[in-house]
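> Return a 3D structure for these sequence lines:
(chains A and B)
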Amino acid sequence: MAPPNQLGKRVKLTQVRRPFIIGSTAVPFSDANPKPPGVAENHTHSWKVFVKGVEDTDITYWLRRVQFKLHESVPNHVRMVDGEPGKPFLVTDTGWGEFDVNVKLYYVNESGEKPQTTYHYLRLHPYGRTEEEKQAMITEHGEVRSWAYEEQLFNEPFDAFYRILTAGAVPKGWKPAGGKGKGKGRAAAQPPPLPDPESGEVWDRTAMIPASNRPGQPFSRETEAAEIKKLKEAQAVAEEWTQKTLAELKAKEEELARLKSENGSATTATGKAAS
Amino acid sequence: MSSNDLRDVLNLPDSSSASGTPGGSHRPSKKQRLSAPRSNLKGLAREVQSLGGDNPIAIVPEVSSFKKRRLANRKPAARWDLAPFRNSARDDPSLMLRHWRRRDGQHGLQQQEQQQHGTNADASAQPTTEQNGAQVKQEGDNEIEDSAFAKFNVRPSIPQYTDEQYKTHLKSDDWSKEETDYLMELVTDFDVRWPLIWDRYEWNPPATNGVADADGDESKAVVPKQEARSMEDLKSRYYEIAAKMMAAQKPIHVMSQAEFELHEMMLHFNAQQEKARKDFALNALKRSREEAREEESLLLEVKRILARSERFNEERRELYNRLDFPQSEQDISSIKTSQGLQNLLQQLMAADKNKKRRSLMGADNAHPANAAAAAAAAQAQAQAQAQAQAQESSRRESTVASTGATSTPTGGKKKGNQQAERPKLTEKEEQVYGVSHHDRLTSGPVFRSEKINKMFTHKSNQQQQRINNVLLELDIPPKLVMPTVATTQQFEQLFAAVNALLDARKVADKLDTELKLEQAKKAEREAKESSNHGEEDPAQDKSNPDMPVTKGDESASKEDNAETGTTSEAQETTEPAADPNGEEPGTQDPVEGEGSKEAAAEESSGGPHKRSASVLSTTSDKSAKRQKK
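Numbering: from 1, shown residues only, chains lettered A, B, ... in the order given. Here you go, the predicted structure:
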């Protein structure tokens, strides 16, 4: 833990979230994706594993480096990727098998936090319970995508880090110093005012997620809403089942009570008769 | 020198007569001279001047600086030619005017030569061969020789439209085609200078007959009412046309940035706003002196109010800072011991008492009767006061220390200060930056999906399996696609629902087994009863018409039958005569009876008393048989 006097105190009872995407994309070797020279015979796919921001926003202001621990059989299987502003943390390789990638996130020094580990299963072949789900994983180029949305929660961040996380929101690709583009003349030094959180815009250095899906950006409020709907429906079904089971339960209980009393009386009766 | 000094010594007034000699000039002039000429002199002149000491000698240095010679003068005077030129901005290109041009260098020489030849550049039809190249160039030069002011004749591009285009794009209820044409004409004429256009705008709509007549009746009586067009009307119409024609000529998505901006600007011309702006400006200009003054004073007032509120805020903040409890470190160490605590308590008590005393003092003075008490009180009070004073001083010390403590961090390390100054985020900012507040948090970074994982891992393996099965039934993957706040919450609810369902099912299962047991018991009892007095009471089975016929019951009875069958079989060896249900095992399938025997045995092992007794009897029978062997 870094010396607290540098980072200030922890901001109590406060949580800051940052969405990001962790995923893999695999492409089988084919004419369109020829096997580069020097690749082992039995390798069937080229793939990449990455950690990146939603809508490809910059996340290097809170994530310093990522360690991808691949399967031991892969040469040089622990890959360290240092962040370059505006670029995803990316590892590319070729292979023939699927495995769990151990992903360790190192946060920026200002955060004073220890690295955290998560997993990502590298998929080379479409996977799903139904054919639809399988098809959904394949894009038009035969890529197999296994992407997962994740939210990094910083609970009670240090003061210095909190300041980093809660300031400096700018539209994507916005540069503070000059540059070309439209409307630069009046707002060269001052960043534009914050957008409406509901607007569905995605800015750099914020926790915003887009309002609707676009090709290559499957995670949005739309997806979230769809998922909530699905969960709600499932919940309704489960509750219905519970109700049904409870109703049956009641009937059974009555039955049991009746049987018990019957049996009980019969035993006493036979007991009496026996005596 | 001497006279001056003498005068000084004698304190004589300056006489004007004495100023006749240059040496004895009066003082002010002397002072002037002291400062003025000396600075200018150099070298020998200065030496000479200084000979005179304070009273300079009357050699007036000759100032010999005349006007500087002009260097350019050495050249011969410049020659000027009367050169013809043309103004391309004019409509009449044939007009040739002349102006004086300074001749310079080669160009001038050539022209001179040309003039000597007596040929005008335009008229030189037969240039000599050696001059040919130069002549051509000259000609070109002359051709280009254009008025320097021609470039200021900028012609704006006025949108053009055909009848067809007018019909498709530009039709307007308010504007006839004729009037639009007229407007465009004016705009072209005056190069989009709106004040001019507006000034000259005099549209007389052609008189038309009330009845639309093809052959144009001469008796055109109906003259449409002439509308006064404001400048904004004209502008908005023109911009509308320009924007539409622009879009018609070039689709919007092909336009360059500048073109698109222009198009947008023209398209969004707001006549109303423009008018309001002008009215406002007009009003502002029309204000009377008093109104202007009032406005000024109001502005001043506003400024003052703002300043005051700012100061007030500042003060309030300062007050808050002061009220903020200062953390003192030294005090704690002294209080840590129980004795220290005791001391503190006493001190506080004393202070408290002191306060009370003071308020009581007035009353005490009013009643001298209990003087003794008062004296005692006074004594106590004095003591308390001393104590309080000490305490007060200490408190003062502590406050000083605390202010010192608060001031040092503000000065030195900014940490404490920063903490106080941490920007308070607005709700919107919190949403944008994803900041939320919770009642309980363990600090450190976590992943959102971990929460759901934890819900699983907190359950036993078996339970996890069951939950997963239910989720599978519900077609919900155990991992969220997008673990956000909302989805996680929703998943928790679903999880709770699934758990409730599982609990219900568990209870139901338990009940089922119990039920089965009871039914088996009942069947057993009935069987026994019927075995006990089968012949006597054969209708015993039918005597329970209200007995529910459930599946479990049936199977149970079947098992029972089978069981009884086997028992009876076993019994047959020993007591072949005593077979009350002789006809039942006959109908029973023997194989099923064998198979269900085990199940029945199992059930009976869990089952209580009577059944086990019968089983016991059979086994005892068997063992008896073995013994016999």
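> where in chain B is pLDDT low?
Applying pLDDT under 70 to chain B flags residues B:1-4, B:13-41, B:56-64, B:68-75, B:104-144, B:207-227, B:325-335, B:357-423, B:533-629.
> Can you tell me which residue of it sits closest to chain A?
Per Cβ to the nearest Cβ, residue B:434 is where chain B lies closest to chain A, at 2.5 Å. Where C-beta positions appear, they are placed from N, C-alpha and C, glycine not excepted.
> Let me see the contact set for the nearest residue to that residue once chain neighbours are set aside.
Ranked by Cβ to Cβ, 6 or more residues apart in numbering or on different chains and with sequence neighbours excluded, the top spatial neighbour of residue B:434 is residue A:207, at 2.5 Å. Applying Cβ atoms under 8 Å, 6 or more residues apart in numbering or on different chains to residue A:207 gives the contacts A:16, A:17, A:18, A:19, B:432, B:433, B:434.
> Count the residues that sit near residue B:177.
A count of nearby residues for residue B:177, using other Cβ atoms under 10 Å in any protein chain shown, gives 14.
> hey, where'd the strands end up in the chain?
The chain I'm using is chain A. Assigned strands in chain A, in chain order: A:14-28, A:45-53, A:63-69, A:78-82, A:89-95, A:99-107, A:116-122, A:144-155, A:170-171, A:203-204 (criterion: DSSP state E).
> Please refer instead to chain B.
For chain B, the strands defined by DSSP E cover B:80-85, B:97-102, B:435-437, B:444-447.
> Need those strands in TSV (columns: mean neighbour count).
Shown next, in TSV, are those (neighbours: other Cβ atoms under 10 Å in any protein chain shown):
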stretch	mean neighbour count
strand B:80-85	14
strand B:97-102	12
strand B:435-437	16
strand B:444-447	18
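> Include distance to residue B:192 when you put these into JSON lines, please.
As requested, the strands of chain B are exported to JSON lines (distance: least, Cβ to Cβ, whole Å):
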{"stretch": "strand B:80-85", "distance to residue B:192": "28"}
{"stretch": "strand B:97-102", "distance to residue B:192": "28"}
{"stretch": "strand B:435-437", "distance to residue B:192": "54"}
{"stretch": "strand B:444-447", "distance to residue B:192": "63"}
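> so where's the stretch 151-275 of chain A shaky on pLDDT?
The model of the stretch 151-275 of chain A has pLDDT under 70 over residues A:173-191, A:269-275.
> and the residue of it nearest chain B?
The nearest approach of the stretch 151-275 of chain A to chain B comes at residue A:207, 2.5 Å away (Cβ to the nearest Cβ).
> What values do phi and psi take at the closest residue to residue A:155 other than its chain neighbours?
The shortest distance from residue A:155 to any residue that is not its chain neighbour, by Cβ to Cβ, 6+ apart, is 4.5 Å, and that residue is residue B:441. Backbone torsions of residue B:441, given as degrees, to the nearest 10, read phi -150, psi 140.
> Run a quick check on residue B:441 versus residue A:15, I expect a contact.
Yes: contact criterion Cβ atoms under 8 Å: residue B:441 and residue A:15 qualify, at 6.2 Å.
> if I look at those two, which residues touch both of them?
Listed contacts common to residue B:441 and residue A:15 are A:155, A:156; contacts here mean Cβ under 8 Å, 6+ apart.
> I'd like the distance from stretch A:229-246 to the chain centre, please.
A distance of 26 Å separates the centroid of the chain from that of stretch A:229-246, by Cα atoms, centre = their mean, to the nearest Å.
> so, in contact with chain B or not, that stretch?
Yes: Stretch A:229-246 reaches chain B (Cβ under 8 Å from any Cβ of the partner chain) through A:230, A:231, A:232, A:234, A:235, A:237, A:238, A:239, A:241, A:242, A:245, A:246.
> Enumerate the positions of that stretch that are buried.
When neighbours are counted by 16 or more other Cβ atoms under 10 Å in any protein chain shown, the buried residues of stretch A:229-246 are found to be A:230, A:231, A:234, A:235, A:237, A:238, A:239, A:241, A:242, A:245, A:246.
> Pull it out as PDB, backbone CA atoms only.
What follows is stretch A:229-246, C-alpha atoms only, in PDB (Å, rounded to 0.1, in the frame of the first residue of the first chain):
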ATOM      1  CA  LYS A 229     -36.400  -7.700 -19.100                       C
ATOM      2  CA  LYS A 230     -35.200 -11.300 -19.500                       C
ATOM      3  CA  LEU A 231     -34.300 -11.600 -15.800                       C
ATOM      4  CA  LYS A 232     -37.700 -10.100 -14.800                       C
ATOM      5  CA  GLU A 233     -39.500 -12.600 -17.000                       C
ATOM      6  CA  ALA A 234     -37.500 -15.500 -15.500                       C
ATOM      7  CA  GLN A 235     -38.200 -14.200 -12.100                       C
ATOM      8  CA  ALA A 236     -41.900 -14.100 -12.800                       C
ATOM      9  CA  VAL A 237     -41.800 -17.700 -14.100                       C
ATOM     10  CA  ALA A 238     -39.900 -18.800 -11.000                       C
ATOM     11  CA  GLU A 239     -42.400 -17.100  -8.800                       C
ATOM     12  CA  GLU A 240     -45.200 -18.700 -10.600                       C
ATOM     13  CA  TRP A 241     -43.600 -22.100 -10.100                       C
ATOM     14  CA  THR A 242     -43.200 -21.300  -6.500                       C
ATOM     15  CA  GLN A 243     -46.800 -20.500  -6.200                       C
ATOM     16  CA  LYS A 244     -47.800 -23.600  -7.800                       C
ATOM     17  CA  THR A 245     -45.500 -25.700  -5.700                       C
ATOM     18  CA  LEU A 246     -46.800 -24.000  -2.600                       C
END
